[in-house]
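Asks: My questions are about this predicted structure, shown below with the sequence.
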Number of protein chains: 2
Amino acid sequence: MDKATLRQRLQHVGETMYHHLHPFHLRMHAGELTRGQMQAWVLNRYYYQSCIPIKDAIILSKSDDAAFRRAWRKRIIDHDGDAGVGGIEKWLQLAEAAGLERDYVIRGHAILPGVRYAVDAYVNLVREGTLLEAVSSSLTELFAGNLIALRMDALAKYYPWLQHGLAYFQGRLTQAPEDAAFAFEYAAEHATTPQMQALVIRSLQRKCSLLWAQLDALQYCYVEPGSMPPQPFIFQPEAQ
Amino acid sequence: MDKATLRQRLQHVGETMYHHLHPFHLRMHAGELTRGQMQAWVLNRYYYQSCIPIKDAIILSKSDDAAFRRAWRKRIIDHDGDAGVGGIEKWLQLAEAAGLERDYVIRGHAILPGVRYAVDAYVNLVREGTLLEAVSSSLTELFAGNLIALRMDALAKYYPWLQHGLAYFQGRLTQAPEDAAFAFEYAAEHATTPQMQALVIRSLQRKCSLLWAQLDALQYCYVEPGSMPPQPFIFQPEAQ
C-alpha cells in the first residue's frame, strides 16, 4: 500500500467509525440535548481529557528517538499547560460554564463506569501496544478538525450559556490538524510491511470504538435510559 | 465492624447493585428475549468466561501462602477442566445449543467493545489491586446461587431450545456458594482495619459495576438499540 492508499484507508475508517456519527453527537449538534445531558457529557469527557497527557507520556516512554520525543512532548505541554492555560484547564472552564463545580469534576467519582472502562482501555492499548500502534491510535485527530468546527457552531447557536467555555475547542482547531499530520507521517514512514499497515488501520479502528463506547454510556444513561446504573454517586442532572 | 456487620454490608451491595436487577436479566427471566438476543448474550458472556481463569491465575500469583493457593486453584480447575469438562467448555456447549458456531464464539471478534472494556477492566482491577481487593471482587458469588437457580427455571420454561446447554449452570449451583464462602472468610479475616473493610466493600461495588456495564452494552445494542456500533464484525442476529 502506498502512502496515498494508506491515507484513503484511514479516511474510510474515519468516515464510517468516527464518533461524529454517534446519535449523542448528532443530537448535540442539532441542539436537541438538555442542559443536564450537556453537563453529563462535559463531566464524563473530563475523565478522557485528564488521561490524555498520561497516554502521551507512555508514548514518550516508548521512543528511543529524542527528535520524536521533542515533537511528541508538544501534546503534553498543550494539554497540561505552560506559560498559557492548557487543555485540561480549558476543559474545566467549559465545565464551569456548564454550571458544574470544578472540584466535583476533578474528583471524578460521578463518572459513568462505562466511560471509565473505555478510557482506561485506551491508556492500556497505548501501554501494551508497540510505539507504531500507540501513535496510530491518535490518528482520530485526522477527523477532529471538522467535528470541532461543526461543534463550535452548534454550541454557539444552541447552547449559548456555554459561550465562556469554548477556549478548549478554539485551541484544538489548530492543534489537532498539526498533531494528526505528524502522526500520519510517522505511521506512513514506519509501517513498512503490509502487516504493520494493517496494525495502523486496526489501531485507528480500536480508537474509534473507544470513543464510540464513551458516548454509548452517556446515551444509554442520560438520553435513552434503559436503566440508571445502581452505582452510588453517578451524576444526576436533577441534583445539580 | 464485626464479621456479621461486614456480611450485612456486602449483602446490601448485592441487593442494590448486583446484575440480577438489570433490565436485560429481568427480560431474560420473564421470557421476553428473542433467540437472537439470547445468542448475543451467550456470545458476549463467553468473553467474560474465558477471562476468569486468567484473573484467578493473577490472584494465585499474588499469594505467598501455599494453603491459600491450593484452595484458590480449585477455581481454575473448575473452569478449565480436569478429568471432567470445565466451565469454559460447558459454556461453549451452551453456545452450540443456542445455535452458535464454536469457532465463531472462541474467535471473539464479534464481542461488543463495551463488553470487552468491562471484562478487561475486571482483569486489570485484579492485576493492580491488593490480594484482599482481588479476592473481594469475587464476592459477587455470594449472590450468584439465587440468580442461577432463577435462571435455570426461566431458561427451561421460556427457552427450551437451550435445554442441552445447561450443564454450566448446574455446575455453578454448587461451586458458587463454596467459592463465595471461602472468599468471604478470607476477606473477613484479612480486612483488619476499617480502611481495609471499606476496600472489601468498594471492591464488590466495582465488580457489580463491571457486570452491570456488560449488560448495558448488550441492552443498548440488541434490546433498546440507540445505535449499532459501526465496528465491523459485531454479531448480527439476522446473519446467524
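Replies: The structure has been received and is ready for your questions.
Asks: and the longest helix seen in chain A, what other elements does it pack with?
Replies: Assignment by DSSP state H gives helix A:35-62 as the longest helix of chain A. Secondary-structure packing of helix A:35-62 (3 or more C-beta pairs under 8 Å, 6 or more residues apart in numbering or on different chains; DSSP states H and E): helix A:23-29, helix A:66-80, helix A:87-97, helix A:102-107, helix A:113-128, helix A:131-136, helix A:194-218. Every residue, glycine included, has its C-beta placed from N, CA and C.
Asks: Could you dump those into TSV with distance to residue B:179, mean neighbour count and mean pLDDT added?
Replies: TSV is the format used below for the helices and strands packed on helix A:35-62 (distance: least, C-beta to C-beta, whole Å; neighbours: other C-beta atoms under 10 Å in any protein chain shown; pLDDT from 0 to 100):
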stretch	distance to residue B:179	mean neighbour count	mean pLDDT
helix A:23-29	39	19	95
helix A:66-80	44	16	94
helix A:87-97	43	20	96
helix A:102-107	35	14	96
helix A:113-128	24	22	96
helix A:131-136	37	23	98
helix A:194-218	30	21	96
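Asks: Now distance to chain B too, for these, in a markdown table please.
Replies: Listed next are the helices and strands packed on helix A:35-62 as a markdown table, based on distance: least, C-beta to the nearest C-beta, whole Å:
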| stretch | distance to chain B |
| --- | --- |
| helix A:23-29 | 5 |
| helix A:66-80 | 23 |
| helix A:87-97 | 22 |
| helix A:102-107 | 15 |
| helix A:113-128 | 4 |
| helix A:131-136 | 16 |
| helix A:194-218 | 4 |
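Asks: quick one on the thing from earlier: orientation of the longest helix of chain A relative to helix A:194-218 in degrees?
Replies: Calculated by axes from the mean of the first three to the mean of the last three C-alpha atoms, to 10 degrees, helix A:35-62 forms an angle of 150 degrees with helix A:194-218.
Asks: Identify each buried residue in helix A:35-62, please.
Replies: Of all the residues in helix A:35-62, those buried under the rule 16 or more other C-beta atoms under 10 Å in any protein chain shown are A:36-53, A:55-60, A:62.
Asks: Residue A:94 and residue A:204, how far apart?
Replies: Plainly put, residue A:94 is 26 Å away from residue A:204 if you go by C-beta to C-beta, to the nearest Å.
Asks: right, I mislabeled it, should have said residue A:141
Replies: 10 Å.
Asks: cool, residue A:190 as well?
Replies: Taken as C-beta to C-beta, the span from residue A:190 to residue A:204 is 15 Å.
Asks: helix/strand/coil for residue A:192?
Replies: Of the three states, residue A:192 takes coil under DSSP: H, G, I helix; E, B strand; the rest coil.
Asks: What backbone torsions are found at it?
Replies: phi -100, psi 0 (degrees, to the nearest 10).
Asks: Kindly report the same for residue A:191.
Replies: Torsion angles, degrees, to the nearest 10, at residue A:191: phi -90, psi 90.
Asks: And it, how close does it get to residue A:124?
Replies: Taking C-beta to C-beta, one finds residue A:191 at 22 Å from residue A:124.
Asks: Can you tell me, leaving aside adjacent residues, what's nearest to residue A:213?
Replies: Spatial nearest neighbour of residue A:213, excluding adjacent residues (C-beta to C-beta, 6 or more residues apart in numbering or on different chains): residue A:118 at 4.2 Å.
Asks: now do residue A:190
Replies: Nearest non-adjacent residue to residue A:190 (C-beta to C-beta, 6+ apart): residue A:132, at 5.3 Å.
Asks: does the one you found really touch residue A:191, like I thought?
Replies: Yes: using C-beta atoms under 8 Å, residue A:132 is in contact with residue A:191, at 6.2 Å.
Asks: show me what contacts residue A:214?
Replies: For residue A:214, the contact set (C-beta atoms under 8 Å, 6 or more residues apart in numbering or on different chains) comprises A:19, A:44-45, A:48, A:114-115, A:118-119.
Asks: change it to 6 Å
Replies: A:115, A:118 (C-beta atoms under 6 Å, 6 or more residues apart in numbering or on different chains).
Asks: With residue A:30 as the reference, measure out to it.
Replies: Residue A:214 is 19 Å from residue A:30, by C-beta to C-beta.
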